[in-house]
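In: can you look at this prediction? I've put the sequence above it.
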Amino acid sequence: MNKIIPYGRQQITDQDINAVVKVLKSDYLTQGPEIKKFENLFAEYVGSKYAIAVSNGTAALHLCVKALGFKNGKNVITTPNTFVASANCIKYNGGNVVFSDINKKSFLLDLNKIENLLRKSINKFSGIIPVNFAGYPVDLEKLRKIADKYGLWIVEDACHSPGGYFIDSNKKIQKCGSGNYADLSIFSFHPVKHIACGEGGMITTNNKKLRDKILNLRTHGIQQNKKKLKRNDGLWYYEMHELGYNYRLTDIQSSLGISQLSRAKIGIKKRIKIVKKYEEFFSDKSYIISKPGLVNGHAYHLYVIEVENRNALHAFLRKNNIYCQIHYIPCHTMPYYQDLGYSYGDFPNSEKYYDRCLSLPIYPSLSNDEQDFVLHKINEFYHKKD
């Protein structure tokens, strides 16, 4: 097959294009009505009270940690198995990143290891940033109990899991980003994610004070609410109350996000259909060490398998125009974090997973023929090897 098959890809329809063109012909390209509309629709989608649109997922993480601060200590826990932004946002705000290893089966933060870390440590901690890796939601109900015990805030990194959920102890569906257990949750609208805006992000919460704080930080720390101004010279008047950032999303991006959001549920159904085919094919293959399985509430941003001889398989697939990806190089092995004292061997579960993981193509527009080709080539590699 000559066509490149990536691990993820945006799907842009005529509806998306028309939505963007409509905004391009309107009075507002940014700071207009589409942003608030997108925020309201997204809050409704995840079941939260509030949503704040920002320029990207990294900006969302930065603002969340900035808004919550370090009341109990400079240390914040996160997973090594994530994109570096989940850890970097702590450093942006002057905090200390404390990694904790993953569960061997779910590849999510191991909650038992977190509690052991907190119980044994003499250091003070302020928060935890769990990551819903690949779209598999962390059990935030259990994590909330741990966090409350030690006085910690939770920022849920839900970039992989819009539309995902877990079932709580009362057998109720708890949507990712609902705000029922996390103080704040963040999402990304990068092209390979469920909802594509080109770039973009969203913060959700049920806490009005945090919502108001982030709204102010999103736009240079500038305040125009007459009730909060120190003085008022007229309709044009504004005041900068704190050091903020230019982390706004545009109306152009928001219009695309609104259009994409209208197909979000359909997109997850298509992803699950792709997963079912992978699961069936790999069910009897000896070269598969692990596969995700069909899990209720999994949003399946990624479909990750563990295999032996991963590097050679990756190279073979690449030669055949199948652009699989590796998610993720453990953060603690990055030179920046090694300079801060981390090293190989610190988190064996994450490192062993990294040596064997491979993210296969999964996106709504992936055709049956393309998926069949991927499966055929994987099988071909291992049969040749034998």
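Out: Cool, the structure landed. Residues are numbered from 1 along each chain as shown.
In: my read is that L143 contacts D168, right?
Out: No - using Cβ atoms under 8 Å, L143 makes no contact with D168, being 11.7 Å away. Using the backbone N, CA and C atoms, a C-beta is placed for each residue, glycine as well.
In: those two: which has the busier surroundings?
Out: L143 (22 against 16; other Cβ atoms under 10 Å).
In: which parts of the helix or strand hosting the more buried one are buried?
Out: Per DSSP states H and E: L143 is located in helix 140-149. Neighbour-count burial for helix 140-149 flags 140-144, 146-147 (criterion: 16 or more other Cβ atoms under 10 Å).
In: now for that helix, which elements pack on it?
Out: Helix 140-149 is packed against helix 111-120, strand 125-129, strand 153-157, with contacts defined by 3 or more Cβ pairs under 8 Å, 6 or more residues apart in numbering; DSSP states H and E.
In: next, format the buried residues of helix 140-149 as TSV and append pLDDT and distance to G297.
Out: Supplementary listing: those in TSV, determined by pLDDT from 0 to 100; distance: Cβ to Cβ, whole Å:
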residue	pLDDT	distance to G297
L140	98	12
E141	98	13
K142	98	15
L143	98	15
R144	98	17
I146	98	20
A147	98	21
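In: return the member of those residues nearest to I90.
Out: Taking Cβ to Cβ as the measure, I90 lies nearest A147 of the buried residues of helix 140-149, at 15.7 Å.
In: these two touch, right, the closest one and V155?
Out: No - contact criterion Cβ under 8 Å: A147 and V155 do not qualify, at 10.6 Å.
In: follow-up on the earlier one: can I get the helices and strands packed on helix 140-149 in CSV including distance to K384 and mean pLDDT?
Out: Below are those laid out as CSV (distance: least, Cβ to Cβ, whole Å; pLDDT from 0 to 100):
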stretch, distance to K384, mean pLDDT
helix 111-120, 39, 97
strand 125-129, 42, 98
strand 153-157, 39, 99
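In: so which helix or strand takes in K273?
Out: For K273, the host element (DSSP H and E) is helix 264-282.
In: buried residues in that helix, which are they?
Out: Per 16+ other Cβ under 10 Å, helix 264-282 contains these buried residues: 264, 267-268, 270-271, 274-275, 278, 281-282.
In: residues in contact with that helix?
Out: If you take Cβ atoms under 8 Å, 6 or more residues apart in numbering as the criterion, helix 264-282 is touched by 11, 45, 162-163, 194-195, 288, 291-294, 299-300, 303, 305, 360, 362-364, 366, 368, 371, 375.
In: among those, which are in helices?
Out: Judged by DSSP state H, those include 45, 368, 371, 375 as members of helices.
In: and of those residues, the nearest to E199?
Out: Ranked by distance to E199 (Cβ to Cβ), the ones in helices among the contacts of helix 264-282 are led by Y45 at 19.5 Å.
In: wait, that closest one touches P162, no?
Out: Yes - using Cβ under 8 Å, Y45 is in contact with P162, at 7.3 Å.
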